[in-house]
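Chemist: I need the structure of the sequence given here:
(chains A, B, C and D)
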2 protein chains.
Amino acid sequence: MTTSTCTATATIPIKKQAETSQHCSACSLHELCLSKGLDKVDMMQLDMIIGRRRKVAKGEPLFRVNDPLTKLYAIRLGHFKTHKVTPAGEEQIVGFQMAGELLGWDAIGSDRHHCDATALEDSEVCEIPFTKLETLLGQLPVLMHRFHRLMSQEITREQGVMLLLGNMRAEQRMAVFLTNLSARYAARGYSSTQFQLRMSREDIGTYLGLTIESISRLFSRFKKMGLVKIDNRQLQLLDPVRLKAMAAGSVACD
Amino acid sequence: MTTSTCTATATIPIKKQAETSQHCSACSLHELCLSKGLDKVDMMQLDMIIGRRRKVAKGEPLFRVNDPLTKLYAIRLGHFKTHKVTPAGEEQIVGFQMAGELLGWDAIGSDRHHCDATALEDSEVCEIPFTKLETLLGQLPVLMHRFHRLMSQEITREQGVMLLLGNMRAEQRMAVFLTNLSARYAARGYSSTQFQLRMSREDIGTYLGLTIESISRLFSRFKKMGLVKIDNRQLQLLDPVRLKAMAAGSVACD
DNA sequence: CGTTCTTTTGATGATGCTCAACTGGGGTGG
DNA sequence: CCACCCCAGTTGAGCATCATCAAAAGAACG
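Modeler: As a prediction, the model looks like this:
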């Protein structure tokens, strides 16, 4: 008895896939991404609906406010910022996203995006058609649960930023920001103490609710305190322990 | 041919329901809540998994940080606040929730709650067992989509608060806060210009990233400006247009 | 009717913003 | 190759907003 029907349904889309994108199973990020925890069969199903990979050049938008929701995006390579603008024209960055993270959550609620996403460097994303994804979620409980977890984690992450913006002094905000980056690079197998800032000082300020001058002064102060070494955007954490303590609010300032 | 199997599966749980809670279809909030847009059949299915109604007295927690996720909660009556605490012990309110809104999103990502939810007045919620709900989502695409929309709206809401906390001056924050309450009461069929503040001045401050003294001064100033009338917690918006303009940032301060 | 908690109001001060000038690196054109 | 410019970032001086500290007034509750 051959498994002809099985191989037939499976092979065709996979071949099509191979032309435009690689598979989740072969992706180095599949332990961080939507595909985490899926078995081979489920992952193949996910592969089948994932569209082309798309490149986004530095400074270019991945999506903009009011764009209709058609896809979610998984970052395969690079970094993005998501940002909103006040009616008065002031900008707020609501998040920095890196490889393995998903983008586009904000659009599901109204079928339109409520923030902009912009590449901080030349980047690459996997496009996930949302309607197809939702259909698939109905068939693959494991995938559905993974999807909900990621979405919930985004909610929790944002609550953390609210805490930062509402409660913390400038110094603590910066410490939280740096330790957060550190942890995320560590989770990706990169150094937790040495990495490149992909965003400008202005972006950092716009994220932390501070001005660019304040960011600059904070970096200077952190240098003097022996917490970090900064050369342009190359960052080294010299005293991660004390930095974490500052982030936790248990260390006084000056 | 009788429809015995059908009625059998449907009737039993419904009877059980009737003992402990009313049906979504009979609920005055079903146009705001999870059940919005469901047809009769789907709504019955949802009714079947919804557990008892639970009363929460003023000041009592609905859930706390680190509580395991077992249910989501739909507010049937009353108001809640959700709040987080910094390692240093400072509190940040991340949201005020009112009837028809869902609570517990934050727990899905890690099976544990990441914030506290506390009743601002004597309240009542419908308990929705999460595992059962996810199973049902797999069977009812309309419900799944509704679920995703609500979750995404929560993400967008939080982004709005980040914008508020990161960018706006005290006066504008207050204007945004009041117009937001106004709109939500209007959506529930209540007056958009006259309502009761269910939270203390301190809660408002903890939400807006300001001190209680600042809140008090803002109220006094708004009164002087003829924007509002405040008697204790009874609030009347005297000039909603100007208030909205302030919220949009298009009106200067003093 | 006193006690306690919440809210209001005032006086003072610190944090971070604004405005301004300067530095340094990278690219461009003469 | 150098001069120039442009942009990102740094540093300084003064100031505004909002926090802190303090006290009193008002509401809530037993």
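Chemist: A:L32 and A:E101 touch, don't they?
Modeler: Yes: using CB atoms under 8 Å, A:L32 is in contact with A:E101, at 7.4 Å. (Glycine included, C-beta is placed from N, CA and C.)
Chemist: So which residues on the stretch 151-254 of chain A come close to chain B?
Modeler: Residues of the stretch 151-254 of chain A found near chain B (CB under 8 Å from any CB of the partner chain) are A:151-156, A:158-163, A:165-168, A:206-209, A:248-250.
Chemist: OK, contacts around the closest residue to A:I155 other than its chain neighbours?
Modeler: Spatial nearest neighbour of A:I155, excluding adjacent residues (CB to CB, 6 or more residues apart in numbering or on different chains): B:W105 at 5.0 Å. Residues near B:W105 by CB atoms under 8 Å, 6 or more residues apart in numbering or on different chains: A:S152, A:I155, B:L72, B:M151, B:E154.
Chemist: Name the nearest of the residues you listed relative to A:G189.
Modeler: The nearest member of the contacts of B:W105 to A:G189, counting by CB to CB, is A:S152 at 24.7 Å.
Chemist: hang on, that closest one in a helix?
Modeler: Yes: counting by DSSP: H, G, I helix; E, B strand; the rest coil, A:S152 is part of a helix.
Chemist: residues touching it, list them.
Modeler: B:W105, B:D106, B:A107, B:I108, B:G109, B:S110, B:M151.
Chemist: in terms of contact, does A:E171 touch A:M246 like I think?
Modeler: Yes: counting by CB under 8 Å, A:E171 does reach A:M246; the two are 6.6 Å apart.
Chemist: out of those two, which sits in the more crowded spot?
Modeler: A:M246 (24 against 20; other CB atoms under 10 Å in any protein chain shown).
Chemist: quick one: contacts for the residue most central in space within chain A?
Modeler: Using CA atoms, centre = their mean, the residue of chain A that lies closest to the mean C-alpha position is A:Q97, 2.4 Å off. Residues in contact with A:Q97 (CB under 8 Å, 6+ apart) are A:I75, A:H79, A:F80, A:K81, A:T82, A:L103, A:A117.
Chemist: one step back: mind picking the two most distant members of the contacts of A:S152?
Modeler: B:S110 and B:M151 (15.3 Å).
Chemist: where does the stretch 151-254 of chain A dip in pLDDT?
Modeler: A:251-254 (pLDDT under 70).
Chemist: Strands of that one, start to end?
Modeler: Using DSSP state E, counting those that start in this stretch, the strands found in the stretch 151-254 of chain A span residues A:194-196, A:228-231, A:234-237.
Chemist: In the sheet, which residues pair with A:P129? Tell me.
Modeler: A:K71 (DSSP bridges).
Chemist: shouldn't it be in contact with A:G51?
Modeler: Yes: with contact defined as CB under 8 Å, A:P129 reaches A:G51; the gap is 5.9 Å.
Chemist: can you list residues touching both of the two?
Modeler: In contact with both A:P129 and A:G51: A:K71, using CB under 8 Å, 6+ apart.
Chemist: What is the neighbour count of A:S25?
Modeler: Neighbours of A:S25 using other CB under 10 Å come to 13.
Chemist: SS state for it?
Modeler: Going by three-state DSSP: A:S25 is helix.
Chemist: Same check on the one 10 residues further on?
Modeler: The local conformation at A:S35, judged by three-state DSSP, is coil.
Chemist: what's it sitting at in phi/psi?
Modeler: phi -80, psi 0 (degrees, to the nearest 10).
Chemist: Neighbours of it, how many?
Modeler: Residues near A:S35, counting by other CB under 10 Å: 22.
Chemist: list the buried ones in stretch A:39-58?
Modeler: A:D42, A:M43, A:M44, A:Q45, A:L46, A:D47, A:M48, A:I49, A:I50, A:R54, A:V56 (16 or more other CB atoms under 10 Å in any protein chain shown).
Chemist: nearest spatial neighbour of A:L133, skipping sequence neighbours?
Modeler: Here the residue nearest A:L133, using CB to CB, 6+ apart, is A:I49, at 6.3 Å.
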